[in-house]
Each structure stands twice: as C-alpha cells, then as structure tokens.
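> okay, here's the prediction I keep looking at, along with the sequence it came from:
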Amino acid sequence: MAFKYTNSKGAAYYLHAKVRKLASGKEQRLFFFSKTIKDGALEAIPKGYEVAESSSGLPLLKRTR
C-alpha cells in the first residue's frame, strides 16, 4: 500500500519516487505527491525526510534537521 497523506483540506495524496539521469551521468531521485497511485509509489517516507504542507495545501517532502 502506498504512503497516503491527507492535507488540512481533506484531500488525499500518495507519495511517489522517480529516478532521473542528469547530464553529468549521475542519477537523482525525485519525490512527489499525486492524487492517484501510479508506478513508483512508495510504502513509507524515506529516512531523513518529513511531510510538510504548503500554504495552498499541497504536501511537500522536506529533509529533517
């Protein structure tokens, strides 16, 4: 089951990750939230991250301090 976050407005979002190859040849892992479950859905928040919410209600993944 994908990680589900319900924002302050009551909308549900699911956490996803995608690997992108940069021009330098390195790989970068991108995290994003979607309203539907797609390929790349994660079951839990990665270690060292936390969910925050923007002023418009969109969830964001931030590094913990």
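The structure has been received and is ready for your questions. These figures come from a predicted structure and were not determined experimentally.
> now the strands for the chain?
4-6, 12-21, 27-34, 49-53, 59-63 (DSSP state E).
> ok, the residue nearest to residue 30 when sequence neighbours are not counted - contacts?
On the basis of CB to CB, 6 or more residues apart in numbering, the spatially nearest residue to residue 30 that is not a chain neighbour turns out to be residue 18, at 4.9 Å. All C-beta spots, glycine's among them, are computed from the backbone N, C-alpha and C. By CB atoms under 8 Å, 6 or more residues apart in numbering, the residues touching residue 18 are 29, 30, 32, 40.
> what's the spacing between the second one and residue 19?
Right, residue 30. Using CB to CB, to the nearest Å, we find residue 30 at a distance of 8 Å from residue 19.
> same check, this time on the third one
The gap separating residue 32 from residue 19 is 12 Å, by CB to CB.
> pLDDT at the residue nearest the centre of the chain, what is it?
By CA atoms, centre = their mean, the chain has its centre lying nearest to residue 32, at 3.5 Å. pLDDT recorded at residue 32 is 96.
> so who does it touch?
Residue 32 neighbours (CB under 8 Å, 6+ apart): 15, 16, 17, 18.
> mind redoing it with 6 Å?
For residue 32, the contacting residues are residue 16, by CB atoms under 6 Å, 6 or more residues apart in numbering.
> and it, what are its bridge partners?
residue 16 (DSSP bridges).
> thinking again about what came up before, okay if I get the contacts of residue 18 as JSON lines plus distance to residue 61?
Shown next, in JSON lines, are the contacts of residue 18 (distance: CB to CB, whole Å):
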{"residue": "29", "distance to residue 61": "11"}
{"residue": "30", "distance to residue 61": "10"}
{"residue": "32", "distance to residue 61": "8"}
{"residue": "40", "distance to residue 61": "14"}
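> alright, calling it a day.
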